[in-house]
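A.B. asks: make a model of this:
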Amino acid sequence: MKRGKRYKAQAEKVEKGRRFPLSEALKLVKENANARFDETVEVALRLGVDPRKADQMVRGTVVLPHGTGREVRVLVLTKGEKEKEATEAGADWVGADEFIEKLAGGWTDVDVIIATPDMMGAVGKLGRILGPRGLMPNPKSGTVTFDVAKAVKDAKGGRIEYRVDKAGNLHAPIGKVSFEHAQLMENAKTLLASVMAARPSAAKGQYLRAATVCSTMGVGVKVDVGDIRVVLREA
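C.D. replies: Numbering: from 1, shown residues only. Now for the predicted structure:
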């Protein structure tokens with residue numbers, strides 16, 4: 001892949017082959033970010049699991065203490081008194097049949113869909129549309145619930161969902177380069193603690209095998225997984 005001058009200049013600042021302590025890696029990511037927009041900072045992990053086996057799937061949700069730095073558009077599918085609750089909590093769209101029809105027609109200009117359990121009969125029919133886009137409400141992710149106020153506030157406040165891919169890799173955002181270093185550190189520790197706690201009992205050997213942090217347009221900085229374990233013990 002051909003790299004531009006900006007990328008090459010960033011790469012020269014990152015010592016090749018070295019794995020940095022988490023704190024130092026995040027500082028490098030912030031220092032190297034020079035795009036004309038507020039880049040997202042992301043953590044990439046390689047896990048010692050075989051996702052093809054159901055008992056080794058790693059997935060979960062976690063609320064980042066300082067949010068993700070991006071505006072999250074939330075749709076709540078519900079009826080009756082829960083509509084008022086969702087609206088007051090800050091949902092962008094609230095309703096039932098009209099939005100079911102809109103989604104069936106291909107509208108997916110939304111980031112998170114929350115549904116009350118009584119709506120899942122209708123929502124379930126939209127699986128082919130919502131599933132591939134990661135929008136299907138799910139009890140495990142907290143998006144199928146009668147407590148719509150909490151679900152909306154969590155989604156708006158920094159809840160992220162993560163899931164390991166077929167190759168055993170996991171990617172998740174932890175904020176923006178404009179965040180203070182301490183905020184990125186706390187978000188990173190919160191994510192990493194959640195992923196470590198989600199280790200399947202069937203996973204054998206080393207679970208966390210590699211870690212990298214980067215910004216949207218920046219160079220990936222490899223992180224010392226041994227340092228991550230120390231950081232989490234001290235948290």
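A.B. asks: quick check, pLDDT for Leu191.
C.D. replies: Per-residue pLDDT puts Leu191 at 97.
A.B. asks: from the contact counts, what lies against the helix or strand harbouring it?
C.D. replies: Leu191 is part of helix 181-197 when elements are defined by DSSP states H and E. On a contact count with 3 or more Cβ pairs under 8 Å, 6 or more residues apart in numbering; DSSP states H and E, helix 181-197 meets helix 22-32, strand 40-47, strand 59-63, strand 159-163, strand 169-176, strand 208-215, helix 225-234. C-betas here are computed from N, CA, C, even on glycine.
A.B. asks: quick one: closest of those to Gly90.
C.D. replies: strand 159-163 (13.3 Å; Cβ to Cβ).
A.B. asks: quick one: secondary structure of the nearest residue to Val144 once chain neighbours are set aside?
C.D. replies: Among residues not flanking Val144 along the chain, Pro137 sits closest, at 4.7 Å (Cβ to Cβ, 6 or more residues apart in numbering). Per DSSP: H, G, I helix; E, B strand; the rest coil, the secondary structure class of Pro137 is coil.
A.B. asks: Pro137 contacts Thr116, correct?
C.D. replies: No: taking Cβ atoms under 8 Å as the contact criterion, Pro137 and Thr116 are not neighbours in contact, 9.2 Å apart.
A.B. asks: which neighbours do the two have in common?
C.D. replies: Common neighbours of Pro137 and Thr116 (criterion: Cβ atoms under 8 Å, 6 or more residues apart in numbering): 77, 144.
A.B. asks: hmm, Asp224 is touching Pro21, no?
C.D. replies: Yes: the pair Asp224 / Pro21 is scored as a contact, 5.8 Å apart, by Cβ under 8 Å.
A.B. asks: which neighbours do the two have in common?
C.D. replies: Common neighbours of Asp224 and Pro21 (Cβ under 8 Å, 6+ apart) do not exist.
A.B. asks: give me the phi and psi for Gly105.
C.D. replies: phi -80, psi 0 (degrees, to the nearest 10).
A.B. asks: so can I have CSV of the helices and strands packed on helix 181-197 showing mean neighbour count, distance to Pro200 and mean pLDDT?
C.D. replies: Converted to CSV, the helices and strands packed on helix 181-197 look like this (neighbours: other Cβ atoms under 10 Å; distance: least, Cβ to Cβ, whole Å; pLDDT from 0 to 100):
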stretch, mean neighbour count, distance to Pro200, mean pLDDT
helix 22-32, 20, 24, 95
strand 40-47, 21, 9, 97
strand 59-63, 17, 10, 90
strand 159-163, 19, 13, 89
strand 169-176, 21, 13, 96
strand 208-215, 20, 13, 96
helix 225-234, 14, 18, 93
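A.B. asks: Ala188: which of these is closest?
C.D. replies: The nearest among these, by Cβ to Cβ, is strand 169-176 at 5.0 Å.
A.B. asks: who touches that closest one?
C.D. replies: By Cβ under 8 Å, 6+ apart, strand 169-176 touches 38-47, 58, 64, 66-70, 160, 162-165, 183-184, 187-188, 191, 195, 213.
A.B. asks: parallel or antiparallel, list what pairs with it.
C.D. replies: According to DSSP bridges, strand 169-176 has the following sheet partners: strand 40-47 (antiparallel).
A.B. asks: okay, angle between the strand it pairs with and helix 225-234 too, please.
C.D. replies: Interaxial angle, strand 40-47 versus helix 225-234 (axes from the mean of the first three to the mean of the last three Cα atoms, to 10 degrees): 100 degrees.
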